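*Asks:* build me a structure from this.
(4 chains)
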Protein chains: 2
Amino acid sequence: MMKQDLPDISSSAFAHNSGTGTLGKVLSVLETVVTSDRPLRFSDILALSGQPRGTLHRQLSHLVEEGLLTQGRDLCYEPGLRLLKFAYRSWSKNQFRTVAAPHLRRLHEETGETVHLGVLRGTEIIYVDKVESRQTVRMESQIGNASPVYCTGLGKAALSVLPPERLADTLSQLTFHRFTANTHLSVASLTRDLDEARLQGYAFDREEHETEIRCVAAPIHDAGFDLVAGISVTGPAYRVTMEQLENWARPVRQVAMAISEDVEIRLGPGR
Amino acid sequence: MMKQDLPDISSSAFAHNSGTGTLGKVLSVLETVVTSDRPLRFSDILALSGQPRGTLHRQLSHLVEEGLLTQGRDLCYEPGLRLLKFAYRSWSKNQFRTVAAPHLRRLHEETGETVHLGVLRGTEIIYVDKVESRQTVRMESQIGNASPVYCTGLGKAALSVLPPERLADTLSQLTFHRFTANTHLSVASLTRDLDEARLQGYAFDREEHETEIRCVAAPIHDAGFDLVAGISVTGPAYRVTMEQLENWARPVRQVAMAISEDVEIRLGPGR
DNA sequence: GAGTCAGTTCCATATTGTGGAACAAGACGG
DNA sequence: CCGTCTTGTTCCACAATATGGAACTGACTC
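*Replies:* The predicted model follows:
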């Protein structure tokens, strides 16, 4: 019985397995399935989750029964429709996004390039909205997507305003992965970058996440740092030089501050 | 202790409370919060859920801890970012949607009006994709949204192909709500409409959900009826006459059949 | 037809959730 | 200013629920 026969987790993203009891475990399973790139069969999940067969089987059954997962013809588990339903509501009702939306549009008109709005969540930036230059790509783009903090302009902007102890905490949880030649790979090099961003009030992404993609981002946050986010202007390297980005830094920062104020006023003086 | 002191549910959409144990209950809570129109405080949820205070409190805490909900300044609970993250993945990976996408585009080019793709889930149609005439509205539109089966073209198209016993089952679960003067309000009148749709192979929405909005829809399904869905062309009444819809019926139906085939071939011969 | 490997089912056990009640902390309101 | 709601949070004995080892099915291989 004891839980120490699988004393720690060998495999994957199973870390925070505590506090929320049953729910946490089930969500871990859900997350592995949903965030995996390829369809997973029972045994795949079994390996990833490190849970006993019987347990996992019941968890998956429940998830399917609840519509959060679907089990397709090939016995592969896929995200279910109920998730979509949840998502639509979460997005369309998101107050922060609603407040920020007009500002995004303004910034887009000023720069002509793609504008992103992202919120810090743990060690990730979640994209909650964007305005695109041309409607080439649609929703698939970014919304709801999560990127690591350490290689995105938004991420670095957000980190740059965190109170020291929370920053330290976040940094300690990072695991680096090289996306491009410019990706930060250590807390040390990232910290230098953050120091610069903190002084300037904005951060760059110098092709650190994707080659040929650059951006400037500025931080947004509320008084209590309950909400830490950022706004950015992104463009392809061939069209957007670093000089261009430098010029956009000021407007981006101003818009970010405007949003911060709006948040404080319109969602604000409670807490 | 016994659970029979609140023997039935007075308030709201708390019905299927069984089978999945703890998870089901927590998800019910999540759903009430997410689908509510206005922000909910603890007591609001308490009233809606009909659960004991202590229990509900813990459930909400866990949901917050897991990032599925956020508790804002005013103590109101709102959908959390993790939901968005989940959703994005579910959508972008959805195989059915991916397979159908090119067909949607084709149908849009042919008609010039908005094309929707929706999947049947219980008594609802969930919109999983669309191609719009003009990019006036963005994601907020429909994707992930759920509409009742009985008043949408997609819903009726989907119902029209269900095997009799499953249809009966679904019909018995319907509760009608008048959206417009044309909304079906009884199983009888809906059934007549479905019979017609079954014969023709396509269904209309004659301003039954929203006034001034019409559509034609055709059903899509796989061999085992695991997937029942539909595709539709929608337009404003001032621009799209019923004659026009009649003319589009054939192409819509053909595209629907093409998708059905594609599904069978590309996701198919396993099960 | 013995041997894997993937998926499913079972059941005694103990972990986890339950819900009544008591406790804080505001917000009236007289 | 002191009772008195109303709202949110905490506690804890108890019971429902999840757990996980083992045994079972069945398909595919050699």
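
*Asks:* all strands for chain A, in order.
*Replies:* A:69-71, A:77-79, A:114-121, A:124-131, A:146-148, A:203-206, A:213-221, A:228-236 (DSSP state E).

*Asks:* nearest to chain B, out of those strands?
*Replies:* Chain B sits nearest to strand A:77-79 of all the strands of chain A, at 3.3 Å, using C-beta to the nearest C-beta. (Each C-beta comes from the backbone N, C-alpha and C, glycine too.)

*Asks:* residues in contact with the closest residue to A:R239 other than its chain neighbours?
*Replies:* Once flanking residues are discounted, A:R239 sits nearest to A:E113: 7.9 Å by C-beta to C-beta, 6 or more residues apart in numbering or on different chains. Contact analysis of A:E113 by C-beta atoms under 8 Å, 6 or more residues apart in numbering or on different chains lists A:S133, A:V233, A:T234, A:G235, A:R239, A:V240.

*Asks:* got the residues you listed as a markdown table, with pLDDT columns?
*Replies:* Formatted as a markdown table, these follow (pLDDT from 0 to 100):
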| residue | pLDDT |
| --- | --- |
| A:S133 | 67 |
| A:V233 | 95 |
| A:T234 | 92 |
| A:G235 | 90 |
| A:R239 | 89 |
| A:V240 | 90 |
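
*Asks:* find the closest residue to DNA strand D in chain A.
*Replies:* DNA strand D sits closest to A:G54 of chain A, with a gap of 2.4 Å, by C-beta to the nearest atom of the strand.

*Asks:* pLDDT score assigned to that residue?
*Replies:* pLDDT recorded at A:G54 is 88.

*Asks:* neighbours around it, how many?
*Replies:* Close neighbours of A:G54, defined as other C-beta atoms under 10 Å in any protein chain shown, add up to 8.

*Asks:* my read: A:P251 touches A:L107, true?
*Replies:* Yes. Taking C-beta atoms under 8 Å as the definition, A:P251 is a contact partner of A:L107 at 6.7 Å.

*Asks:* these two: which has the busier surroundings?
*Replies:* Just comparing A:P251 and A:L107: by other C-beta under 10 Å the higher neighbour count belongs to A:L107, 26 against 16.

*Asks:* tell me which residues touch that one, please.
*Replies:* A:V115, A:V131, A:I231, A:V233, A:P251, A:V252, A:V255.

*Asks:* which one is the fifth one nearest to, not counting chain neighbours?
*Replies:* Across the structure, with C-beta to C-beta, 6+ apart as the measure, the residue nearest A:P251 apart from its sequence neighbours is A:E110 (5.6 Å).

*Asks:* also the second one?
*Replies:* For A:V131, the nearest residue in space outside its immediate sequence neighbours is A:H108; the separation is 4.2 Å by C-beta to C-beta, 6+ apart.

*Asks:* what pLDDT does the one you found get?
*Replies:* Here the pLDDT value assigned to A:H108 is 93.

*Asks:* for the residue lying closest to A:S172 once chain neighbours are set aside, give its distance to A:R206.
*Replies:* Spatial nearest neighbour of A:S172, chain neighbours left out: A:V187 (8.0 Å); criterion: C-beta to C-beta, 6+ apart. Distance from A:V187 to A:R206, counting by C-beta to C-beta, to the nearest Å: 18 Å.

*Asks:* with A:L104 instead?
*Replies:* Using C-beta to C-beta, we find A:L104 at a distance of 23 Å from A:R206.

*Asks:* count of residues packed around the residue of chain A found nearest DNA strand C?
*Replies:* Nearest to DNA strand C, among the residues of chain A, is A:G21, at 2.7 Å (C-beta to the nearest atom of the strand). Applying other C-beta under 10 Å, we find 11 residues neighbouring A:G21.

*Asks:* pLDDT score for the residue nearest to it when sequence neighbours are not counted?
*Replies:* Nearest residue to A:G21 in three dimensions, chain neighbours excluded: B:H62, at 7.1 Å (C-beta to C-beta, 6+ apart). In this prediction, B:H62 carries a pLDDT score of 89.

*Asks:* quick one: residues contacting B:H62.
*Replies:* By C-beta under 8 Å, 6+ apart, B:H62 lies in contact with A:G19, A:T20, A:G21, A:L23, A:G24, B:V26.

*Asks:* in TSV, list these along with distance to DNA strand D.
*Replies:* Shown next, in TSV, are the contacts of B:H62 (distance: C-beta to the nearest atom of the strand, whole Å):
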residue	distance to DNA strand D
A:G19	13
A:T20	11
A:G21	8
A:L23	9
A:G24	9
B:V26	9
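
*Asks:* for those, which single residue is the most surrounded?
*Replies:* B:V26 (24 neighbours).

*Asks:* can you give the domain ranges for chain A?
*Replies:* Residue ranges for the domains of chain A, per automatic domain parsing: A:13-82, A:91-266.

*Asks:* could you report the distance from the residue nearest to A:R239 to A:S232?
*Replies:* From A:E113 to A:S232 the distance is 10 Å (C-beta to C-beta).

*Asks:* could you do A:L194 as well?
*Replies:* Between A:L194 and A:S232 the computed distance is 16 Å (C-beta to C-beta).

*Asks:* rewinding a little: next, format the contacts of A:L107 as a markdown table and append distance to DNA strand C.
*Replies:* Listed next are the contacts of A:L107 as a markdown table, based on distance: C-beta to the nearest atom of the strand, whole Å:
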| residue | distance to DNA strand C |
| --- | --- |
| A:V115 | 38 |
| A:V131 | 38 |
| A:I231 | 33 |
| A:V233 | 41 |
| A:P251 | 39 |
| A:V252 | 38 |
| A:V255 | 34 |
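
*Asks:* and the least confident of these?
*Replies:* A:V131 (86).

*Asks:* can you get me a residue count around it?
*Replies:* The local packing of A:V131 (other C-beta under 10 Å) involves 19 other residues.

*Asks:* show me what it is bridged to.
*Replies:* A:V115 (DSSP bridges).

*Asks:* who touches it in this structure?
*Replies:* By C-beta under 8 Å, 6+ apart, the contact set of A:V131 is A:L104, A:R105, A:L107, A:H108, A:T114, A:V115.

*Asks:* hmm, which two among those residues are most spread apart?
*Replies:* Largest separation among the contacts of A:V131 by C-beta to C-beta: A:R105 and A:T114, giving 12.2 Å.
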